[in-house]
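Colleague: Sequence isn't available, so here's the structure alone:
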């Protein structure tokens with residue numbers, strides 16, 4: 001089975017594909033990148049900060065990006081950031097809401113049959 005072809009149709013949605021390979025970097029490089037990410041975030045470039053925080057795996061920064069997305073009503077994007085952070089405390093309420101929506105849709109479908 002050609003997995004690459006399967007996932008190509010989801011590329012525009014920026015799905016939840018997780019890789020386990022992180023670039024190796026020393027502590028000073030990581031700290032410098034995180035400072036740059038914090039600066040970008042504080043000056044309004046959340047997307048630039050997100051890219052840096054994903055690269056360095058900075059959980060505090062990823063959680064702040066998740067908070068930013070929540071404030072914009074981008075709940076799935078927020079969930080992705082919280083999940084990667086990992087910040088289960090902030091991810092769980094979103095997961096609960098999604099499960100209630102899915103449960104309601106299933107019940108609605110069953111009642112319409």
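Modeller: Yes, it's here. Nothing here was measured: the structure is a model prediction, and the numbers come from that model.

Colleague: C-alpha from now on. contacts and neighbour counts both.
Modeller: Will do.

Colleague: contacts for the one helix or strand residue 31 maps to?
Modeller: For residue 31, the host element (DSSP states H and E) is helix 27-42. Contacting residues not belonging to helix 27-42 are listed as 46, 47, 48, 49, 50, 52, 53, 56, 58, 61 [CA atoms under 8 Å, 6 or more residues apart in numbering].

Colleague: can we see that at 7 Å?
Modeller: 46, 48, 49, 52, 53, 56 (CA atoms under 7 Å, 6 or more residues apart in numbering).

Colleague: Quick check: ChimeraX command selecting the buried ones in the residues you listed.
Modeller: ChimeraX command restricting these to the buried ones, with burial defined by 16 or more other CA atoms under 10 Å:
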select :46,49,52,53,56
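
Colleague: What is the strand or helix carrying residue 97 packed up against?
Modeller: Secondary-structure element containing residue 97, defined by DSSP H and E: helix 88-112. Judged by 3 or more CA pairs under 7 Å, 6 or more residues apart in numbering; DSSP states H and E, helix 88-112 is in contact with helix 75-84.

Colleague: Compute the inter-axis angle for the helix it packs on and helix 88-112.
Modeller: In terms of direction (axes from the mean of the first three to the mean of the last three CA atoms, to 10 degrees), helix 75-84 departs from helix 88-112 by 130 degrees.

Colleague: what residue ranges in this structure score low on pLDDT?
Modeller: For the chain, applying pLDDT under 70 flags the ranges 1-23.

Colleague: Go through the helix holding residue 31 and flag the buried ones.
Modeller: 30, 33, 34, 36, 37, 38, 40, 41.

Colleague: right, and the pair among the residues you listed with maximum separation?
Modeller: With CA to CA as the measure, no two of the buried residues of helix 27-42 lie farther apart than 30 and 41, at 16.2 Å.

Colleague: How many neighbouring residues does the closest residue in space to residue 66 that isn't next to it in sequence have?
Modeller: Distances taken as CA to CA, 6 or more residues apart in numbering place residue 78 nearest to residue 66, at 4.0 Å, with adjacent residues excluded. Neighbour count for residue 78, taken as other CA atoms under 10 Å: 25.

Colleague: Thanks a lot, catch you later.
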